[in-house]
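1. sequence plus the predicted model coming up.
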Amino acid sequence: MTPKFSWRPLEHSPFYHILCRALEKYVGKAPAAMLASAYALGDPVRLRDLFKSTGFQRIEIRVVIKQMQCPSLTDFFYGGLSASPFAKDVFALETSELEAMLDMIREGVAGYLDDSGLAAPMEAYVVSALK
């Protein structure tokens with residue numbers, strides 16, 4: 001079986017964690033909830049139970065930590081959001097609100113910014129099982 005993955009809780013992906021908080025503050029609860037839903041299976045016990053309940057056996061769950069890297073947080077912010085389902089809502093903000101949102105994100109990930117740009121961890125569970 002090809003391994004499947006599920007993001008760990010949102011707190012384990014600092015960029016998306018702060019992005020979610022910024023979306024809620026500047027855009028609204030619905031876009032933040034949409035982003036947070038990608039992390040809904042972040043409990044390994046629940047994940048294992050889900051696989052068991054659908055008939056899988058020999059379930060193995062591993063934590064995998066990857067690093068997202070992008071040279072420009074600003075470019076990633078604008079580029080990434082322009083492809084998101086909530087782009088229209090984000091880009092409807094006044095310029096000052098959009099800049100404040102980016103500042104909030106920049107402050108939230110300050111510990112993951114270096115001379116090469118953003119270098120932040122993203123954690124997932126990788127599940128292997130047999131059916």
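-> All right, it came through fine.

2. name the element the most centrally placed residue in the chain belongs to?
-> Centroid check for the chain by C-alpha atoms, centre = their mean gives residue 16 as the closest residue, at 3.8 Å. Secondary structure assignment for residue 16, by DSSP states H and E: helix 14-26.

3. so after that helix, what's the next helix or strand?
-> Under the assignment DSSP H and E, the closest C-terminal helix or strand after helix 14-26 is helix 29-36.

4. mind listing what's buried along that following helix?
-> Using 16 or more other C-beta atoms under 10 Å as the test for burial, helix 29-36 gives 31, 32, 35, 36. The C-beta positions use only the backbone N, C-alpha and C, and glycine is treated the same way.

5. correct me, but the last one touches residue 9?
-> So the one you mean is residue 36. No. Taking C-beta atoms under 8 Å as the definition, residue 36 is not a contact partner of residue 9, at 9.7 Å.

6. show me the two of the buried residues of helix 29-36 that sit farthest apart.
-> Greatest spacing in the buried residues of helix 29-36, by C-beta to C-beta: 31 and 36 (9.6 Å).

7. which parts of the protein are helices?
-> Taking DSSP state H to define them, one finds helices in the chain at 14-26, 29-36, 44-53, 73-82, 87-91, 95-108.

8. counting by contacts, list what the second one packs against.
-> In terms of contact count using 3 or more C-beta pairs under 8 Å, 6 or more residues apart in numbering; DSSP states H and E, helix 29-36 is assigned the packing partners helix 14-26.

9. which other helices and strands contact the helix it packs on?
-> Helix 14-26 is packed against helix 29-36, helix 95-108, strand 117-130, with contacts defined by 3+ C-beta pairs under 8 Å, 6+ apart.

10. could you dump these into a markdown table with distance to residue 53 and mean pLDDT added?
-> Below are the helices and strands packed on helix 14-26 laid out as a markdown table (distance: least, C-beta to C-beta, whole Å; pLDDT from 0 to 100):
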| stretch | distance to residue 53 | mean pLDDT |
| --- | --- | --- |
| helix 29-36 | 23 | 96 |
| helix 95-108 | 37 | 97 |
| strand 117-130 | 12 | 95 |
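
11. all set, thanks.
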